[in-house]
Every structure is written in structure tokens, then in C-alpha cells.
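Undergrad: coords please:
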Amino acid sequence: MQAAVNNAGPDAGKNERIFLVGLMGAGKTSVGKMLARRLQKEFLDADAEVERATGVKIPVIFEIEGESGFRAREEKMIARLTERPGIVLATGGGAVISANNRELLRSRGRVIYLRAAPEDLWRRTRRDRNRPLLQTADPLARLRELHQQRDPLYREVAELIVDTGSQSVSALTSHIQQLLDQSDSTTNFTVSTPES
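TA: From the prediction side, this is the model:
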């Protein structure tokens, strides 16, 4: 497994904020909570914040407003949340669809792409009914399609790309901490992700 850094050293303001991107089931919320605890930052989940602001679950927003209505709400929330200092933010899997979101994420913080194979994502999400985009006859095919569409966007915005594989949340979080420490003083390097 590989983790890569693809941009120059971060400025001090960007170090205030860490943004996690990746497809649903990649571990953004689980890793984000642990990373925030270890770095003594506040953890925020963009999807949960949209739900809190609207008072309804995301599937209800999709049902009433469609994906475009949800994406408009998500974009406004990303704009607000990425201004907050001292956070680890788990974005929704589709947040990178918006060019505006990608620019805000890239310019306001350090972006980490938690990359996982569609088959791994399917195993992690197959019993979760709170994921409207997977409520199809063939969720694995849908995950493969989403991966093909979004992987280039995640790569475009990410400073660090980390394969999640079958590592525990704790091991993955420790590895990300090491990468963040190394990337503070080093640029354009590739390291192997430890196997679990």
C-alpha cells in the first residue's frame, strides 16, 4: 500500500484544519474522530452538520430535494466549516464534485484522501441504509462507478493519499499522524503504508 504527498509544504493557517475526503465507507468519520482526539482538535462531520442544520436525515433530503438540493446544502456547509480553526473535518463522499468545494478544501486546510477499493467499501457499507446513492439493485457496481468518477477529484485536492486497506482505525490514524509530521518538513515523497 502507498501513501503519497503531492504538494509543497503547508502554511501555518492550513495546519489549523485537516480535511478528510474519500468515498462513503472509507473511514473518514472513524479515523477523523480518533485523529481529532489525538491532535487535540475538534471533530466535525459535514454530513452530520447538514442533518443538524436541516433537522432531517440525508436520505430525506435526497427524497425531497434530490441530489442537487443536497449538494447545494453541502456546499454552503463546507464553506462555513472550512473557516473554523482547529478542526478535523470528515467531508461527505461527494463533496469534491463541486469545484468550489475543492478550492475551499485545498486552500483552507490539509486534505487527506482515504482511498479504498470499491470492493472494500461495499463490504463496509452493504448493511447501511443511510446511504441514498447505494439504494440500487447493484450497490457494488454503483461504488465502482462513483470511484471511477471521483478518484481523480480526490487526487486533485489531496495533499496526502492514504490507502486504508484492512488496517485498524488506530493503526491508520497513527500512520496518518506520522505522514502529517513528515510532510511538515518534507515534500513530494512516497511511503509504504504499514500492513495490518
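
Undergrad: ok, what's across the strand from the residue nearest to residue 29 when sequence neighbours are not counted?
TA: Closest residue to residue 29 apart from its sequence neighbours, by Cβ to Cβ, 6 or more residues apart in numbering: residue 90 at 4.8 Å. C-betas here are computed from N, CA, C, even on glycine. Beta-bridge partners for residue 90, by DSSP bridges, are residue 20, residue 45.

Undergrad: So what's the residue count around residue 90?
TA: By the measure other Cβ atoms under 10 Å, the count of residues near residue 90 is 29.

Undergrad: Is it correct that it is in contact with residue 42?
TA: No: checked against Cβ atoms under 8 Å, the pair residue 90 and residue 42 is beyond contact range at 11.9 Å.

Undergrad: Quick one: residues contacting the residue nearest to residue 29.
TA: Residue 90 sits next to 20, 28, 29, 31, 32, 43, 44, 45, 46, 47 when contact means Cβ atoms under 8 Å, 6 or more residues apart in numbering.

Undergrad: Ok, residue 172 next?
TA: Here residue 172 is in contact with 27, 31, 114, 162, 164 (Cβ under 8 Å, 6+ apart).

Undergrad: So which of those residues are in strands?
TA: Counting by DSSP state E, the members of these that fall within strands are 114, 162.

Undergrad: Select from the contacts of residue 172 the one having the most neighbours.
TA: residue 162 (27 neighbours).

Undergrad: Could you count how many residues lie near residue 37?
TA: 12.

Undergrad: typo on my end, residue 77
TA: Residues near residue 77, counting by other Cβ under 10 Å: 23.

Undergrad: tell me the SS of it?
TA: Secondary structure, DSSP: H, G, I helix; E, B strand; the rest coil: residue 77 is helix.

Undergrad: Look at it and report its pLDDT.
TA: Predicted confidence (pLDDT) for residue 77: 97.

Undergrad: how about it, what does it touch?
TA: So residue 77 contacts 46, 49, 50, 53 (Cβ under 8 Å, 6+ apart).

Undergrad: which ones are touching the residue sitting nearest the centre point of the chain?
TA: Compute the mean C-alpha point of the chain, and by Cα atoms, centre = their mean the closest residue is residue 21, 1.9 Å away. Residues in contact with residue 21 (Cβ under 8 Å, 6+ apart) are 28, 91, 95, 96, 105, 111, 112, 113, 114, 154, 157, 158.
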